[in-house]
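S.K.: what's the 3D shape of this:
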Amino acid sequence: RSLVGSEMCIRDRIKALPYACLGLMQRIAGNIAMQTLASGKQLLMTVLGVAGTGKSALIHSINSRAKELQPPTMSVTASFTGVASGLLGARTIHSAYHLNVCDKADKSLEPLKLSKQAMVERLWDGIGLVITDECSQPGHSLFARMSLRLCDLFRNNRPMVGASSIIIGDPGGQLDSVSY
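M.R.: Numbering: from 1, shown residues only. Sure thing, here's the model as predicted:
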C-alpha cells in the first residue's frame, strides 16, 4: 500500500467521525467556535494538544459544522507541512497565502503579480474562518506574514482581516534545529 493511499484512508476515517464521538474537550472547543461564529463576532482561538488528542478530528468537525451555519461560514485550513495538509484536505501555509518559502523573516512581503493576486483574492473571498494546524512549527514572523498578506489583499488592517482564526497544534511539537 502506498503512503498516499494510507494517508487518504486515515483522512477519510477522521472525516467520518460524528460530532457526538468527539471527546469532551473537543466538543467544548467546537461549541465555543460554533457559538462565536454564529454570533458574527471574530473568534481568535488557540487549541493545544499533544499527538493523538483528536486535533484533526476537531478541525474536520468545525469545518463541516461551519458550513451548516446560516449563513454558511466558508473556511480555509492550512498547515505548515504537506503531510499534515494532505491528511486534512488542506493547503500548506505557503500555498494558501502565496508566501515565498525562501523569504527571510525580516524581509517585507513581495507584492503579488496582478494575475496571481486575482487568483488569491478569489480563494479568500468570503472566507469567515481560517484554521491553521501545526501552530508550533511556524515562527511568529510567518504568522505576521500570513496576516499581512490578507491585509494587503483586502486593504483591511484587522488581524486576519476580521476573519475568525483558530490555531491548533502541539505545544512541544517543534523539532530542535539541526546543527552541523
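S.K.: what about the helices in this structure?
M.R.: With DSSP state H as the criterion, the chain has helices at 3-15, 24-39, 55-68, 82-88, 93-97, 114-124, 140-154.
S.K.: right, so of those, which gets closest to Ile131?
M.R.: Among those, helix 55-68 comes nearest to Ile131, with 5.7 Å by CB to CB. (Glycine included, C-beta is placed from N, CA and C.)
S.K.: what inclination does the closest one have with respect to helix 24-39?
M.R.: 30 degrees (axes from the mean of the first three to the mean of the last three CA atoms, to 10 degrees).
S.K.: ok now helix 55-68, how far from the chain's centre?
M.R.: Taking CA atoms, centre = their mean, to the nearest Å, one finds the center of helix 55-68 at 11 Å from the center of the full chain.
S.K.: one step back: closest one to Val76 among the helices of the chain?
M.R.: That would be, of the helices of the chain and by CB to CB, helix 93-97, which comes in at 5.8 Å.
S.K.: residues of that closest one that come out buried?
M.R.: By neighbour count with 16 or more other CB atoms under 10 Å, helix 93-97 contains the buried residues Ile93, His94, Ala96, Tyr97.
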